[in-house]
Each structure stands twice: as structure tokens, then as C-alpha cells.
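> For reference, the sequence and a predicted model appear below.
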Amino acid sequence: MLSRTADNLYWLARYVERAEFIARTLEVAQRMASLPSSYGGSSNEWESALAATGCAAAFHKHYRDATERTVTEFLAFSPDNPFSIVNCLEIARSNARAVRTALTVEMWEAVNDIWLALKKLDRRRLDRDEVNRFLDKVKEASLLFDGSASRTMLRRDSYWFERLGHYIERADNTARILDVKYHLLLPEESHIGGALDYYQWTSVLRAVSALTSFHWVYRESVKPWLVADFLILNEQMPRSLASCYENITRYLDLLAQQYGRQGPAQRHARSVRSRLQNVRMEAIFSGGLHEFIAGFIADNHKLGAEVAEQYLV
């Protein structure tokens, strides 16, 4: 396969997954901002949304205050934000067009249909309900794309590169939303274990569609260390870091078999997965959850660079 084709497939998957993540992040911020003030929270949910998506610095170059209107505009629709939903879908559709013959009809339609819906959207007249309907469409398009890839693509290098991008992006997103909750979302004056803390951790689970499955696994109330265990170490959870790296190592190994050699990407992915398999939550919390997640994000970014150098250049 041409490296250009592999690059387009890889980034197509990453941008579709990123658009869904931003849509979920906006929904969570909206839900948290709607909590009664009696829960004791200060209104920093919109700053948290910016931090989770890595867009805080860029946002404050264009806006002074983080409000529902300004953050929604910047994260969903702004052309000045390279990672807005609009720009993610534009880039995804451009990549899909470039590799149209490598995609199935169903995959192309999932990306093209949401792009067409975006073009018809009158952004000047959007109220909260219309924004929510748009966010639902973005999530639905991502699910359709993901499901179509799993059900219709041949199991060969084109599929493996698409899945690789999907899981590297998903791992980054899960890690970021965990880190933001632990360090930013809960105000300093709030008591850990209080009502606000409970609803915020519940919102983290909702952001990754994991609230119901969390209760299936743990059968008790939401607790920070259990949520962290579920989203970091539990391979049953499709969005957990451990599950993402189980898939990443598998697809990198398949690519190695296809092309006849291992490389830095395979070795690095196995190292990260081994660390996730052998660490325990007690050690993570004693060493600092933020420090662990920051190290993981750096490792995940390094893997992306190694994949690019090994296959996509």
C-alpha cells in the first residue's frame, strides 16, 4: 500500500473519532452546567471542556470568557479552531475522498452524509436544542462509520491502518477526559465524595458511554478509584486505555506480518501495553493519577510519531 493511502486512512479514522469525542465533551459540559448550584459547584465546566479537548490556549486568543455560547461556537463550528467538529469533519471527508476506492460504500456514506448535513446547517440560528441535535448526528455518524468499517472492510492493511488511527485517537481522548476531571473539574472547595464529585464522575462515564457497563462490572456506587480502574485497566471496556492498546498492538503486529518486519512502533506499543497489564490502581494513585495519565499521553503521542515515521511518510 502507498504510504499516502495509509496516511489518509489513518487520519480519516482519527478525525472521525475526534469529532465524536468533542461532541460528547460538549454534551457533558452542558449537563454539568445544568446542575443546581446547591451541589456546590463553581461554573468551570466550560473551561473543563476546553482543557479536555486541548483547545484552551487557542480559545483564549479569540474569546475572553468561557461560556456555553462561546465554547460551543469554538469547539463545534469555529473555522479558527483546527480541531473544531466542523474542521474535523471537513478533514475527514477530504481524506475519505482521497481514498474513496479503499473504502466501502457504507463508510463513505457515513462520512459524506454528516458533511452534507453540516453544509445545510444555518449556524446563525442555532439554539441549544438544534445544537444538541447536531451533536447527536455527529455521534451517530461516527458510530455508523465505525460499525461499517468493522462489518464491511476486508481484513488487510487498509483496515488495519484505519483501526490503528481509531484506537490511538480513542486512547488519547479517554486519558484526557480522565485527567481533566481529576485536576480541573472538581473545585478546590468541594469535598471529594460529595454530591458534586459523584455527578462529575458519573458525567465522565456518560462521556464515554460507560455508565451502564460500569454498574454491570462493579455493582456499587460511582467511586473515583473504580472509575479510574474501569477506564484505565479494564480490558472489557472498549474505550479503556488497556483495551485500546490491546487492539493497537494486534493491528501493529498484523502490519508487521504483512510487511515482513517489526519496528519501533511495535516495540513501543508492546511496552505501553505491558505497563498497563502489570500496574495496579493502588500504585497509580500513590504515584499520582495526573502523573500517570500525563506519562501515558506522552507515550501515546510518541507512538503516533513512530507509526507516522515507520509507515506514513
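Cool, the structure landed.

> from here on, contacts and neighbour counts on C-alpha atoms
Will do.

> Least confident secondary structure element in this protein?
Among the helices and strands of the chain, helix 195-207 carries the lowest confidence by mean pLDDT, DSSP states H and E, at a mean of 75.

> Which elements pack onto that helix?
helix 3-33, helix 211-218, helix 224-232 (3 or more CA pairs under 8 Å, 6 or more residues apart in numbering; DSSP states H and E).

> And these: which comes nearest Glu109?
Comparing these against Glu109 with CA to CA, the closest turns out to be helix 3-33 (13.0 Å).

> what helices or strands is the closest one leaning on?
Packed on helix 3-33, when contacts are counted by 3+ CA pairs under 8 Å, 6+ apart, are helix 45-53, helix 85-98, helix 128-152, helix 157-180, helix 195-207.

> sorry, back to before: alpha carbons of the least confident helix or strand of the chain, as PDB, please.
As requested, the backbone C-alpha atoms of helix 195-207 are provided in PDB (Å, rounded to 0.1, in the frame of the first residue of the first chain):
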ATOM      1  CA  ALA A 195     -22.700  15.200  45.600                       C
ATOM      2  CA  LEU A 196     -20.800  17.300  43.000                       C
ATOM      3  CA  ASP A 197     -18.000  14.800  42.900                       C
ATOM      4  CA  TYR A 198     -20.400  12.000  42.300                       C
ATOM      5  CA  TYR A 199     -22.200  13.700  39.500                       C
ATOM      6  CA  GLN A 200     -19.000  14.700  37.800                       C
ATOM      7  CA  TRP A 201     -17.600  11.200  37.800                       C
ATOM      8  CA  THR A 202     -20.900  10.000  36.500                       C
ATOM      9  CA  SER A 203     -20.600  12.600  33.700                       C
ATOM     10  CA  VAL A 204     -17.100  11.200  32.900                       C
ATOM     11  CA  LEU A 205     -18.700   7.800  32.500                       C
ATOM     12  CA  ARG A 206     -21.500   9.200  30.300                       C
ATOM     13  CA  ALA A 207     -18.900  11.000  28.200                       C
END
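
> how far does stretch 86-97 sit from the chain's center?
Mean-position distance between stretch 86-97 and its chain equals 17 Å (CA atoms, centre = their mean, to the nearest Å).

> Other residues contacting that stretch?
Residues outside stretch 86-97 that contact it (CA atoms under 8 Å, 6 or more residues apart in numbering): 8-9, 11-13, 15-16, 18-19, 76-79, 81-82, 103, 108, 111-112, 114-115, 118.

> picking that back up, of the helices and strands packed on helix 3-33, which is nearest Ala269?
Judged by CA to CA, the one of the helices and strands packed on helix 3-33 that comes nearest to Ala269 is helix 157-180, at 10.3 Å.

> Any stretches of the chain with poor pLDDT?
When residues are selected by pLDDT under 70, those of the chain lie in 35-43, 181-197.

> go with 50
The chain contains residues with pLDDT under 50 at 38-42, 185-193.

> Work out which residue lies at the spatial centre of it.
Nearest to the mean C-alpha position of the chain, counting by CA atoms, centre = their mean, stands Asn173 at 3.1 Å.
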